[in-house]
Every structure is written in C-alpha cells, then in structure tokens.
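A.B. asks: need coordinates for the following:
(one chain, ligands or ions: 2)
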Amino acid sequence: MNIKDHIGSIPGFPKEGIIFRDVTPILECPEAFEEVTKQLSQFARDVQADVIIGPEARGFFFGIPVANELKLPFVPVRKPGKLPRKTISETYELEYGTDTLCMHADSLKPENRVVIIDDLLATGGTVEAIVKLVEKQQAKVAGIGFVIELDDLKGKSKFEGIPVCSLVHFEGE
Ligand SMILES: O=P(O)(O)OC[C@H]1O[C@H](OP(=O)(O)OP(=O)(O)O)[C@H](O)[C@@H]1O
Ligand SMILES: Nc1ncnc2[nH]cnc12
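C.D. replies: Ligands and ions are numbered 1, 2, ... in the order given. You can find the predicted model right below:
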C-alpha cells in the first residue's frame, strides 16, 4: 500500500501557483484510509497520547478515526462561532490577513498528553495556533501527526522539541 498513490495533485487550485494536495482519494479507498489511520494511531500510541485534537475540516477526517481506533477522546478545533460552550481562541497569520481558531475552554486537563492530527503541514500556522491553545490549558503537546508534509515550506521548524510524524512528503514537486 503506497499512500502517496492515493493523494491527488491539482495545479492551480484554489489559485494560480498552488498545487493542491487532495486527500479525498484516501477517504474513497477503504484500504488506504485504514493504512493512514493505522500509521497515525501507531505514532499517537508511541508518544503516549491520551487526547486527540484536530482542526476543521480536514483534520476531522483523520483525527476522529485515530481517536476511535485508540479509544481516546477527540477534541475539535473550530472556526469562531461554531462551538456552543465557553471557548478560548488564538489568531494566526495567513498569507493575506489573519484567521482565528477556537476550542472549548474546559476540553483539556493540565495532565493531558495531546496529539494534534491534521491532513497537511504547509506553513505550520494552523497547528502552531493549536499548540498555543493546548498550552493555554496547561496541557502538553506530546506529538503532531500529518498525512502530508510540504517540505519546501519548512513548517516543521515551528515545532522544535515536539515529535512530528508525516506519512508522505512532497518536495520540489
Ligand atoms: O500549515 P498551514 O499553512 O497552516 O496550512 C495547512 C492547513 O491548511 C488547510 O486547512 P484550511 O485552512 O484550508 O481548512 P479546511 O481543512 O477547512 O479546508 C489544511 O487542512 C491544514 O489545516
Ligand atoms: N498545497 C496545499 N494543498 C492542500 N491543502 C493545503 N493547505 C495549504 N497548502 C495546501
């Protein structure tokens, strides 16, 4: 099973100059989806996770199956105005402007070992904001798991000291 064979590459989406790496073929192939879930679950097990966190929308695709596989809680990270209880938020830089991510203020305990799961590491801005949300609740980020890492963007350099697992790399492609 080669996971890379189940990732689409769409030049020019959503705008000129970007090659969009599309994970939906993984979702459409049960064997590929099972393999991705198995490998990310093994990483989360190795770093002794007791909570899995993922951002909407594509982080839910992979974070929820990992939490289910390991029988661990899943905590969703969402855009503002979506979560019903009291939230904490973090604003981060995009190429143009800023974006904000939120999580429930009572979702973590200080003793938690959290693994963040997302589909793709590009600049790392999204997951860097999630690391800050976890640390605001005094919990520890035990690891970060991605299906895809875009090596050229060097997003991983934002996470020194935290174990990072990426199943597939794209470099200069
Ligand atoms: O490393 P970064 O530069 O932060 O980019 C990676 C993030 O961008 C995409 O999410 P997007 O914000 O497009 O939302 P979506 O999952 O709802 O499509 C992707 O799913 C990652 O979460
Ligand atoms: N090249 C890319 N493909 C898919 N999602 C992305 N998010 C940021 N960069 C991306």
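A.B. asks: quick check: residues of the protein near ligand 1?
C.D. replies: Within the chain, the residues that sit near ligand 1 (C-beta under 6 Å from any ligand atom) are 55-59, 118-126, 155. Every C-beta, even on glycine, is put in place using the N, C-alpha and C of the backbone.
A.B. asks: narrow those residues to those that are buried.
C.D. replies: For the residues of the chain next to ligand 1, a neighbour count by 16 or more other C-beta atoms under 10 Å gives the buried set as 55, 58-59, 118-126, 155.
A.B. asks: among the residues you listed, which one lies nearest to Tyr92?
C.D. replies: Proximity of those to Tyr92 (C-beta to C-beta) peaks at Gly125, which lies at 4.7 Å.
A.B. asks: neighbouring contacts of the helix or strand harbouring Val66?
C.D. replies: Using DSSP states H and E, Val66 maps to helix 58-70. With C-beta atoms under 8 Å, 6 or more residues apart in numbering as the test, helix 58-70 has contacts from 23, 27, 33, 36-38, 40-41, 44-45, 49, 52-54, 73-74, 76-77, 115-120, 145, 147.
A.B. asks: again, only this time at 7 Å
C.D. replies: Counting contacts by C-beta atoms under 7 Å, 6 or more residues apart in numbering, the residues outside helix 58-70 that touch it are 23, 27, 36-37, 40-41, 44-45, 52-54, 73-74, 76, 117-119, 147.
A.B. asks: do the same with stretch 78-93
C.D. replies: 56, 98-106, 125, 128-129, 132-133, 136.
A.B. asks: among these, which lie within strands?
C.D. replies: 98-104 (DSSP state E).
A.B. asks: of these, list those near ligand 2.
C.D. replies: Among these, not one lies near ligand 2 by C-beta under 6 Å from any ligand atom.
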